[in-house]
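In: predicted model, plus sequence, below.
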Amino acid sequence: MLAYLVAVWLLLVGLYGVITSRHLVHLVLCLGVMQASTYVLLLAIGWRTGGAAPIFVDIPPRTPVVDPVVQALTLTDVVVEATVVAVLLALTVQAHKRFGTCDPDALGALRG
Amino acid sequence: MTVLQSVCLIAVAVAGTAVVLTRDPLRQAVAFGTLGLALSVLFLAFGAPDVALSQIVVAGVAVPVMVLLALAKIRVEERAARDEEGDG
Amino acid sequence: MTRRVRIVLGLGSLAVLSGLLVWGVTGLPDLGHPRGPYADLAPRMMLDERHVANAVTGVTFDLRGFDTLGEEMILFAAALGAAVLLRAQRTEHEAEAAAAMEEERGPGTADALRALGAVLVGPVLLLGVYVVVHGALTPGGGFQGGVLLAGALLLVYAAGQVAAIRRVRPVALVEVADAVGAGAYMLVAVAGLVFGVAVMDNVLPFGTTGSLLSGGTVPVLSIAVGVEVTAAVTLILSEFVDQMLLRHGDG
C-alpha cells in the first residue's frame, strides 16, 4: 500500500511543480518526476511476495518470480521518456532563442 | 513488503519532493540524478534488475548531461544578448 | 489568466485529483499478490518454449514485441525531432567556434578527468556490447546496452576531445545507423510474414537455453534495438553539444 501511495504522491508533487514553475527546464524535470511515479506504480503491481527476479540462469525453472510483463513495459519506458525529455529541452532552447526568456509566464501569446 | 522496500520508497518520495522544490535548474539536475539513483535501488529491491540497469544509465548519465548542455546553451545566448546590448 | 488564479485553480484540482487517486488505489489488489494469469504464464512460456533465460527480455522482444516496435519508433521520432529543432540555424561560425573552444578548454579540463575519460572508453564500449548481445541470458538487452554505448561517446567528450568527437561520429553515419537499426527491427517483424506465420512471430530456431544463440529472433531484435538506441542517443547528445559550441552569430 505504501508503494501505491508513494506513486500517487510523486504524481501530485510533480504536477504541483509543473503548475508553479518559473523556468522551463525546471518544468521539464518536474515532468520527469511524474514519469517516475508511473514506474513505481507499474513495478508495485507486479511485485510478488517472496518472488525472485525473473531471470532463470541459476534458479530452478519453477520458482515463483515477479511479473516480467510490467518490467518489460517499464524498461522500454525509461529509455524512451528520456528522449522525450530531450525533445522538450530542445524546444526550451529554441524558445529561449526566439523569445529571450525561459519563464513560462512570460512566453504568453502566440505570435504571427 | 520488506523493510528495504519501505526505506527505498520513502527515499524516493523525499528525493522527488526535493527535485520539485529546487528551483534553480542547475541544482535540480543534480537532484534529479539523486532521484534516479534512489529509483534504481528501489527497482532492485522490487526484483527488477533490467529496469534498474536502464534507470541508472539513463537518469544518472543521459538526462543530467542533456539538462546541463541545454543550460549552457541558454547561458551562452544570454551572455551574447547582454554583450550586444552593451555595444549597440 | 494570471499566475495567482492559475495556482489557486491548480491546487484545487490537485486536491480533487488526490482524493480520486487515493480512492482508486485502495481498490487495487494487495501488494504482493499479482492477479491475472499473465504473471505465471509468461516466464513459463519464455523458458520452456522459447529457451530464453531472461524472461523480461523475452517478453520485451517476443511476447510484447509489437509494443517495443512502437516504443522504438517513438525513440526514432524523438531523435529526429531533437535534430530538426536544434539544427535549424547553423552557419559557418561553428567550425572556428569549435577550434576556439578546443583551445579554451584544453588547459582547463583537469588532467585527471582527461586521463580517466580516455582510459574508460574501451571498457565501457565493451560492456555496452556485452549487455546488448547477452540480452536473452542476463539482465540487459538492446535498450540498456545502447545507452551505455552512447555513454562511451560522452566519455570522449568529457575527456576534452571535442575535435576527436567530430572525427569519431560523422553525423551522417550516426543518422544512417539510426535508420538501419529501426529498419532492421521492422524487417525482422515482417519476416514472420515471409515464413508463413503471423507478423512478429518468432521464426528462427530456438537453440538451447543459456547459449548465446538461444531464443530465436530475440537476440537479433536486441541487437537491432541496441544499434538504434545508441545512434538515437548519440545524435541527440551531439546535437546539444553542437548547439552549445555555436557562437551567437546567426539569426
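Out: Structure's in. What do you need?
In: which residue ranges form the helices in the chain?
Out: No chain was given, so I picked chain A. A:2-19, A:24-46, A:68-99, A:104-107 (DSSP state H).
In: hm, I was asking about chain B
Out: B:3-21, B:25-45, B:49-57, B:63-87.
In: ok, the second one near chain C or not?
Out: No: contact of helix B:25-45 with chain C is not found when judged by CB under 8 Å from any CB of the partner chain; the minimum separation is 10.1 Å. Heads up, the C-betas are built off the backbone N, CA and C, glycines and all.
In: and that helix, how far out from the chain's middle?
Out: Computed by CA atoms, centre = their mean, to the nearest Å, the separation of helix B:25-45 from the middle of its chain amounts to 6 Å.
In: show me the contact partners of that helix.
Out: Helix B:25-45 is contacted by residues A:23, A:25-26, A:29, A:32-33, A:36, A:39-40, A:43, B:2, B:4-5, B:8-9, B:11-12, B:15-16, B:18-19, B:22, B:49, B:51-53, B:55-56, B:58-60, B:63-64, B:67-68, B:71 when judged by CB atoms under 8 Å, 6 or more residues apart in numbering or on different chains.
In: which SSE is C:Glu72 in?
Out: Element membership of C:Glu72 [criterion: DSSP states H and E] is helix C:65-86.
In: list the buried residues of that helix.
Out: Neighbour-count burial for helix C:65-86, with 16 or more other CB atoms under 10 Å in any protein chain shown as criterion, is recorded at C:65, C:68-69, C:71-72, C:74-83, C:85-86.
In: so where is chain B shaky, pLDDT-wise?
Out: Within chain B, the ranges that satisfy pLDDT under 70 run B:87-88.
In: could you rerun that using 80?
Out: B:1, B:80-81, B:83-88 (pLDDT under 80).
In: indicate the residue of the stretch 151-251 of chain C located nearest to chain A.
Out: C:Ile236 (4.6 Å; CB to the nearest CB).
In: show me the contacts for that residue.
Out: A:Thr83, A:Ala86, B:Met66, C:Ala78, C:Ala79, C:Ala82, C:Ala83.
In: switch to 7 Å and redo it
Out: Taking CB atoms under 7 Å, 6 or more residues apart in numbering or on different chains, we find C:Ile236 in contact with A:Thr83, A:Ala86, C:Ala79, C:Ala82.
In: among these, which ones lie close to chain B?
Out: A:Ala86 (CB under 7 Å from any CB of the partner chain).
In: just name the closest of the contacts of C:Ile236 to C:Val174, please.
Out: C:Ala79 (9.3 Å; CB to CB).
In: skipping adjacent residues, who's closest to that closest one in space?
Out: C:Ala232 (3.8 Å; CB to CB, 6 or more residues apart in numbering or on different chains).
In: could the contacts of C:Ile236 go into CSV alongside pLDDT?
Out: Formatted as CSV, the contacts of C:Ile236 follow (pLDDT from 0 to 100):
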residue, pLDDT
A:Thr83, 88
A:Ala86, 91
C:Ala79, 87
C:Ala82, 86
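In: got CSV for the helices of chain A, with mean neighbour count too?
Out: Shown next, in CSV, are the helices of chain A (neighbours: other CB atoms under 10 Å in any protein chain shown):
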stretch, mean neighbour count
helix A:2-19, 21
helix A:24-46, 23
helix A:68-99, 23
helix A:104-107, 13
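In: including distance to A:Ile55, could those go into TSV?
Out: Listed next are the helices of chain A as TSV, based on distance: least, CB to CB, whole Å:
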stretch	distance to A:Ile55
helix A:2-19	22
helix A:24-46	14
helix A:68-99	9
helix A:104-107	44
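In: out of those helices, flag the one nearest C:Glu228.
Out: helix A:68-99 (10.6 Å).
In: dump the residue contacts of the residue nearest to C:Ala79.
Out: Listed by CB under 7 Å, 6+ apart, the contact partners of C:Ala232 are A:Thr83, C:Leu75, C:Phe76, C:Ala79, C:Asp178.
In: try it again with 10 Å
Out: A:79-80, A:83, A:86, C:72, C:75-80, C:82-83, C:146-147, C:150, C:174-175, C:177-178, C:181-182 (CB atoms under 10 Å, 6 or more residues apart in numbering or on different chains).
In: what of C:Leu21?
Out: A:Tyr4, A:Leu5, A:Ala7, A:Val8, A:Trp9, A:Leu11, A:Leu12.
In: re the thing from before, out of the helices of chain B, which gets nearest to C:Asn54?
Out: C:Asn54 sits nearest to helix B:49-57 of all the helices of chain B, at 7.4 Å, using CB to CB.
In: hmm, back to that, which elements pack onto the helix holding C:Glu72?
Out: Using 3 or more CB pairs under 10 Å, 6 or more residues apart in numbering or on different chains; DSSP states H and E, the elements in contact with helix C:65-86 are helix A:68-99, helix B:63-87, helix C:142-158, helix C:171-194, helix C:217-245.
In: cutoff 7 Å now
Out: Counting contacts by 3 or more CB pairs under 7 Å, 6 or more residues apart in numbering or on different chains; DSSP states H and E, helix C:65-86 packs against helix A:68-99, helix C:171-194, helix C:217-245.
In: comparing these by mean pLDDT, which bottoms out?
Out: The minimum mean pLDDT among the helices and strands packed on helix C:65-86 belongs to helix C:171-194 (a mean of 77).
In: helices and strands around that helix, which ones?
Out: Partner elements for helix C:171-194 (3+ CB pairs under 7 Å, 6+ apart): helix C:65-86, helix C:217-245.
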